[in-house]
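[1] Make a model of this:
(one chain, ligands or ions: 1)
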Amino acid sequence: MTIREAKIRIDALRKKIDEHNRRYYVESAPVISDFEFDLLMQELQGLERKFPELVNVASPTQRVGSDLSEGFAQVAHRYPMLSLGNTYSEGELREFDARIAKAFDEAYEYVCELKFDGASISLIYADGTLQRAVTRGDGVQGDDVIANVRTVRSIPLQLQGDNFPKEFEVRGEILMPHSSFEKLNREREKQDEVPFANPRNAASGTLKMLDSKEVAKRGLDNFIYYMPGYGLPFSSHYESLQAARAWGFKVSEHTQKCSDINAVITFIRRWDAARKSLPYDTDGVVVKVNSFAQQRALGFTAKTPRWAIAYKFKAEQALTKLLSVDYQVGRTGAITPVANLEPVKLAGTVVKRASLHNADQIALLDVRIGDMVYVEKGGEIIPKIVGVDASKRDETLQPLQYISVCPECSTPLVRLEGEAKHFCPNESGCPPQIVGRIIHFASRKAMNIEGLGDETVELLYKNGLIATVGDLYSLRKSQIARLERMGDKSAENILQGLENSKKVAFPRVLFALGIRYVGETTAKKLADAFGSLDALQNATPEQLLEVDEVGEQIAKSALAFFGEEKNQLLLNKLREVGLCFATDAQERISSELEGLTFVITGTLSRPREEWKQAIEQHGGKVASAISGSTSYLLAGEKAGSKIQKAEKLRVKVINEVQILELISKKNNV
Ligand code: IVH
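    Here you go, the predicted model:
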């Protein structure tokens, strides 16, 4: 295939894939199977690999993201990103309408939209291609998070049709649907990472991540609700939204023109109830004057447009009786009080349990067993208790006494300075902590030991076969096979799973150890920085703190873990068993780049990820920012400010051909 033929096929494939993406993610109405879609994608990926010069950022293959981040550039908004005036009352809404009515002799109409609860984003397109995606920031300037936004599949990278302005901006909300949010939090809890409080925090936190590959996995979505700027080829907001939809943007179908304020109020009342069945959070309705000419006439105050207002829904609450409080012990020993409630219906589901967070929260609310309590769904998996109806309190109720010993092993609880939670310090003797650590070790993102699910770990522990993860590797087939629900086949399966886990790469082994605060990402960063467990164990606090994203808390926790004798014994045991305690030496092709640190910038002929891998395979390191210790800046086209920085620091700038020479021609990267 010649490059010209390839270009024709690549263009056709991109168009097709964009269209199917739109049908799937924007319209929720796919017309081909996932399998057929994957085939198109694979063909495109194959061609782009063969003809790297034809790769470009708007290609649908680029939606998977990359873990090589440059940080975010600060960008000034062409039109400031304002907020909206808001109200909780219909009365104030009528006052808003009276102000509008006073301004005009002529008729006017409103557009009502849902108020999506996420993070606002400004998208800039030039010639139909997404160029920038800027967060709200302080309203005047924000961060360009384009690498992350490219992974949001309902945002077009390339617009459809040809009647869009040459350069223009749209604004909308990036949000995390309930299904993605719940999945994300389940994973975070499993990995002992703090779950997000609600989908809004999850969406804005995700948008600011430095690893767009991770962003791609988090299932973000969006709605477009505004096209700022004058001189657009439309006379009304509603028209601009219809055009945006035709160009491929996701515009909510729950958008309605209303001829007067009564129609607006009807819309609001309908959605106050109906929003509960939407798959994402909304916190109100936005009411906008439709005509652009009238919008212009009304103008803006310093902070908000005069032509729009947000009506905010009240958070849903239910009143029910607090029956009792359970105390759960997590794998790190953290205690969480959970309320058992008289079942009550709230936001579409029946609630029986609610979080009480910690001892301070209980004291603050002065909640007592037998109280009538208000529960609210803040988007968390488990609802929370937000207040007590004191008027309904029976005088005989006693203040709640927080537990002082572990409910599982009776060890006195401790509360560390600066921590909101109580802990059971009996790490090696408290059953839920022991079992929790082993479950974590075996879990999919850690050692991924097939056959060793939560219940099996529980069973092995109860039968006295395991007390630490080290014991797993001395299990014998006969010991497992004679347990209830087990047999030869499942025993073999587990042993095979354990054997396979010896090939699991070092970063995951490190994560599997369950060092407090060392989640998946931190484990990877530590593994990359130190290369081996030996080096990590010998690291000084200063060296640990130098690692990206490692702060005092993580450094302290790692030092404490490696300092404990029982952990050292465990690590020795795991080393003898043959777990991978260093970055795989097999992957090394040469040591030509040993001791050299590279920073990569600009557009290169192949993805940065590949360059990073190549550099590492030849013994070099890749850093994200230039410093005095950078050896070379590998620069492609449109390299930007890093070049100046390199020159200032006397760091040599090289291109792709020069780095290949460094690696030496005989090593074919
Ligand atoms: S219009 C100049 N429409 O609410 C007016 N905003 O409190 C621009 N929001 O920052 C905003 N849904 O992030 C508009 N349908 C909608 C919206 C919406 C959510 C957010 C947006 C804005 C905030 C204002």
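
[2] give me the residue from the stretch 251-400 of the chain nearest the ligand.
    V286 (4.1 Å; Cβ to the nearest ligand atom). Any C-beta I mention is one placed from the backbone N, CA and C, and that applies to glycine too.

[3] and after the helix or strand that contains that residue, which helix or strand comes next?
    V286 is located in strand 282-289, with elements delineated by DSSP states H and E. The first helix or strand that comes after strand 282-289 along the chain, using DSSP H and E, is helix 292-298.

[4] Could you give the average pLDDT over stretch 145-162?
    Taken as a whole, stretch 145-162 has a mean pLDDT of 95.

[5] Stretch 313-328 too?
    In the prediction, stretch 313-328 has an average pLDDT of 91.

[6] Same check on stretch 576-583?
    92.

[7] How about residues contacting it?
    Stretch 576-583 is contacted by residues 470, 473, 501-507, 509, 527-528, 531-534, 571, 574-575 when judged by Cβ atoms under 8 Å, 6 or more residues apart in numbering.

[8] now the stretch 201-350 of the chain, which segments are flagged as low pLDDT?
    347-349 (pLDDT under 70).

[9] Do a quick rundown of the helices in it.
    Counting by DSSP state H, counting those that start in this stretch, the stretch 201-350 of the chain has helices at residues 212-217, 237-246, 261-274, 292-298.

[10] Could you point out which of those sits nearest E592?
    helix 212-217 (27.2 Å; Cβ to Cβ).

[11] tell me what the closest one is packed against?
    helix 146-149 (3 or more Cβ pairs under 8 Å, 6 or more residues apart in numbering; DSSP states H and E).

[12] helices and strands around the helix it packs on, which ones?
    Looks like helix 146-149 contacts strand 129-135, helix 199-207, helix 212-217 (3+ Cβ pairs under 8 Å, 6+ apart).

[13] Can you name the element that comes right after it?
    That would be, after helix 146-149 and using DSSP H and E, strand 167-175.

[14] Just the residues contacting that following strand, thanks.
    Under Cβ under 8 Å, 6+ apart, the answer for strand 167-175 is 78-79, 81, 116-127, 149, 152, 199-200, 203-204, 207, 220-229, 232, 244, 249-250, 280-281.

[15] ditto for stretch 261-275
    90, 93-94, 97, 110, 112, 114, 254, 256, 258, 282, 285, 287, 311, 313.

[16] Just the buried ones out of the residues you listed, please.
    By neighbour count, with 16 or more other Cβ atoms under 10 Å, the contacts of stretch 261-275 hold 93, 97, 110, 112, 114, 254, 256, 258, 282, 285, 287, 311, 313 as buried.

[17] just for the protein, where's the confidence low?
    Using pLDDT under 70, the chain drops low at 67-70, 192, 347-349, 378-381, 584-588, 665-669.

[18] coming back round to it: save the helices of the stretch 201-350 of the chain as CSV, and put in mean neighbour count and distance to E376 too.
    What follows is these, written out as CSV (neighbours: other Cβ atoms under 10 Å; distance: least, Cβ to Cβ, whole Å):
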stretch, mean neighbour count, distance to E376
helix 212-217, 19, 29
helix 237-246, 19, 33
helix 261-274, 16, 16
helix 292-298, 16, 36
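
[19] Distance to the ligand added to the ones you listed, as TSV?
    Formatted as TSV, those follow (distance: least, Cβ to the nearest ligand atom, whole Å):
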stretch	distance to the ligand
helix 212-217	19
helix 237-246	9
helix 261-274	12
helix 292-298	9
